[in-house]
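Undergrad: Pasting a predicted model and its sequence here:
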Amino acid sequence: MLNIVPKGTGWVEVICGCMFSGKTEEMIRRLRRARIAQQTAIVFKPVIDDRYDVTDVVSHSEQRIQSVPVKTARAIEEKAADYQVIGIDEGQFIEGDLVAVVRRLANIGKRVVVAGLDTDYRGIPFEPMPQLMCEAEFVTKLTAVCHQCGAPAHRTQRIGGGKERVVVGGTERYQARCRSCWEEPTEDGEATGQTGLDLNGE
Ligand code: ADP
Ligand code: MG
Ligand code: ZN
């Protein structure tokens, strides 16, 4: 991408997908490569995400990169001034107008890489990721491996119920599921029961 964009031009990259699809891993990879290219890079993450470490962004595969925890989009804008490349993990959990901040940062020449869930545990688009995809020049949608059958998974299954939109957890609370294995949650957030694939196709 660097080779096809004139120097001084900013742009937006979105990395989206369900849980375990490798969004954080991919964001860390891109930011590390930016630093190899001698560019100044910073990573932000929402304070809500304290799953592994209070200051590092950590992937499910234990890849890690130092990050600055923030609550709001405005805090990102205030701290991003001195950097050429800006990574934001779990974009769906950043409060405030992230789309406007990302747009302004790209407009003043920064490369902004935002990773986040495109849908919640009900399969409903998770704002502001859909709007960020429209703002972005480059969108990468990743799939995980379905925990039930091994097919490409694009949905996140919450295990054990709970109907709040945000319940932080890892493999004990969530699984990646393909469209055949994913069960639409009931009103109280419970999954409806095991479906699984009918491998006989009958
Ligand atoms: P995300 O940020 O999208 O939740 P991460 O980058 O944190 O994903 O983690 C991706 C890593 O998670 C994979 O490289 C793999 O090691 C691990 N992993 C665990 N379960 C799965 C799964 N069901 N599908 C794919 N990767 C998985
Ligand atoms: Mg992640
Ligand atoms: Zn499946």
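TA: That came through fine. Numbering: from 1, shown residues only. Ligands and ions are numbered 1, 2, ... in the order given.
Undergrad: for residue 139, which residues make a bridge with it?
TA: When bridges are called by DSSP bridges, residue 139 pairs up with residue 14.
Undergrad: Spell out which helix or strand contains the most centrally placed residue in the chain, please.
TA: Closest residue to the average C-alpha location of the chain: residue 116 at 1.8 Å, with C-alpha atoms, centre = their mean. Assessed by DSSP states H and E, residue 116 sits inside strand 111-117.
Undergrad: again with residue 74
TA: Assigned by DSSP H and E, residue 74 falls in helix 73-79.
Undergrad: same deal with residue 132?
TA: Counting by DSSP H and E, residue 132 is found in helix 129-135.
Undergrad: what's next to that helix, contact-wise?
TA: Defining contact as C-beta atoms under 8 Å, 6 or more residues apart in numbering, one finds that helix 129-135 is touched by 12, 14, 16, 91-92, 98-99, 102-103, 106, 114, 116-118, 139. All C-beta spots, glycine's among them, are computed from the backbone N, C-alpha and C.
Undergrad: How about whichever helix or strand comes after the helix holding residue 74 and ligand 2, touching?
TA: Downstream of helix 73-79, the next assigned helix or strand under DSSP H and E is strand 85-88. No: judged by C-beta under 5 Å from the ion, strand 85-88 and ligand 2 are separated, with a smallest distance of 11.3 Å.
Undergrad: what do you get for stretch 21-41?
TA: Yes: in terms of C-beta under 5 Å from the ion, part of stretch 21-41 sits within range of ligand 2, namely 23, 24.
Undergrad: go on, stretch 134-154?
TA: No: Stretch 134-154 stays out of contact with ligand 2 when judged by C-beta under 5 Å from the ion, the minimum separation being 10.3 Å.
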